[in-house]
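Visitor: Here is my input, please return the structure:
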Amino acid sequence: MSELRAIPVLGIGEVKPGDALAQVLLAAIERQGLQLIEGDILVVTHKIVSKAEGRLVALDSIKPTAAMRRWGRKYRRDPRVIALALAESRRIVRKRHGVLITETRHGRKGLICAQSGVDVSNVDGGSSAALLPLAPDASAARLHRDILKEAGIYLPVIITDSFGRPWREGLTEVAIGCAGMSVFRDARGHRDPYGYKLQVTREAVADELAAMAGLACGKLSRIPACVIRGFDYKRARGRGVDLIRDPEHDLFR
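Guide: Now for the predicted structure:
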């Protein structure tokens, strides 16, 4: 097993709508003196992708209904965020104790997350909310292509967001978009050290790498990107949506 490193990308600065994200990231990497090498993986938070793509909404422009305002007062939630979360959702999965869990409008299989991923943190101090990218896998593919064009290096891209988990406390980073690598490491058919033939082991490596990057960068340090070095990934047309279980196989829907 080789050494696995997570290298935070420093000095990215504030990303604005319309910014060429590949150029912004490559410039920060160059200023840092970090030399990208074959085999590196770039992990970025969805927030800077959403900002570059203009997925920002001024909260003052949102007019919540009376029911949303009542629910917000009861649970000390911003009713404008509730209104945005419902507008971005396909369905409400759970609505209880002030927590709104929804399925987003992302293709056939939406993301299951709190408030449709609508987030006010790390945006502009509370005046605006960031929405998830319209198509996280397409965003990852575009960034992957742009980096290959600009820097001439094949660099898989993982786009992350912070998710809670059923039956578990706390948040962790997960992959919502991916390009350039398989999101899984499939051990089915291989034998363990004791000779047992594995039947169901398929490791969600994109989620594990997302969590590793989140741990290295932290939540309050304004470091929205990380280079993972040393992971033996498989080149593939992997997608974040592949990590979402098909409804017909989901025991919990």
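Visitor: can you count the residues close to the closest residue to Gln115 other than its chain neighbours?
Guide: Once flanking residues are discounted, Gln115 sits nearest to Ala85: 3.9 Å by CB to CB, 6 or more residues apart in numbering. Glycine gets a C-beta too; all of them are placed from N, C-alpha and C. By the criterion of other CB atoms under 10 Å, Ala85 has 24 neighbours.
Visitor: Please apply the same query to the one 10 residues further on.
Guide: Here the count is done by other CB under 10 Å, and Lys95 has 13 residues near it.
Visitor: Was I right to think it contacts Ile101?
Guide: Yes: at 7.4 Å, Lys95 counts as touching Ile101 under the criterion of CB atoms under 8 Å.
Visitor: Tell me who's in contact with Ile92.
Guide: Applying CB atoms under 8 Å, 6 or more residues apart in numbering to Ile92 gives the contacts 86, 100-102.
Visitor: Next, format these as JSON lines and append pLDDT, neighbour count and distance to Thr45.
Guide: JSON lines is the format used below for these (pLDDT from 0 to 100; neighbours: other CB atoms under 10 Å; distance: CB to CB, whole Å):
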{"residue": "Leu86", "pLDDT": "96", "neighbour count": "18", "distance to Thr45": "24"}
{"residue": "Leu100", "pLDDT": "93", "neighbour count": "22", "distance to Thr45": "22"}
{"residue": "Ile101", "pLDDT": "94", "neighbour count": "18", "distance to Thr45": "21"}
{"residue": "Thr102", "pLDDT": "96", "neighbour count": "24", "distance to Thr45": "20"}
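Visitor: and those as TSV, adding secondary structure and distance to Val118?
Guide: What follows is the contacts of Ile92, written out as TSV (DSSP: H, G, I helix; E, B strand; the rest coil; distance: CB to CB, whole Å):
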residue	secondary structure	distance to Val118
Leu86	helix	9
Leu100	strand	9
Ile101	strand	12
Thr102	strand	9
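Visitor: Tell me the one of the residues you listed nearest Leu25?
Guide: Nearest to Leu25 among those: Thr102, at 30.0 Å, using CB to CB.
Visitor: For the residue lying closest to that closest one once chain neighbours are set aside, name its beta-bridge partners.
Guide: Distances taken as CB to CB, 6+ apart put Ser89 closest to Thr102, at 3.7 Å, once the chain neighbours are dropped. On the basis of DSSP bridges, Ser89 is bridged to Thr104.
Visitor: May I ask you to confirm that Ser89 is in contact with His106?
Guide: No: here Ser89 does not reach His106: they are 10.5 Å apart, not a contact under CB under 8 Å.
Visitor: Identify the residue spatially nearest to Lys74, adjacent ones excluded.
Guide: Lys74's closest residue in space is Gly98 (CB to CB, 6+ apart), at 7.4 Å.
Visitor: Check the one you found and give its pLDDT.
Guide: Gly98 carries a pLDDT value of 86.
Visitor: quick one on the thing from earlier: so what's the residue nearest to Thr102 up against?
Guide: Per CB under 8 Å, 6+ apart, neighbours of Ser89: 102-105, 110, 116.
Visitor: Any regions of the stretch 151-253 of the chain where pLDDT drops low?
Guide: 187-201 (pLDDT under 70).
Visitor: Repeat the analysis, applying 80 as the threshold.
Guide: Within the stretch 151-253 of the chain, the ranges that satisfy pLDDT under 80 run 186-201, 251-253.
Visitor: quick one: Gly177 is in a strand?
Guide: Yes: read with DSSP: H, G, I helix; E, B strand; the rest coil, Gly177 is one of the residues of a strand.
Visitor: How many residues are close by the nearest residue to it once chain neighbours are set aside?
Guide: Closest residue to Gly177 apart from its sequence neighbours, by CB to CB, 6+ apart: Pro136 at 3.0 Å. Pro136: 28 surrounding residues under other CB under 10 Å.
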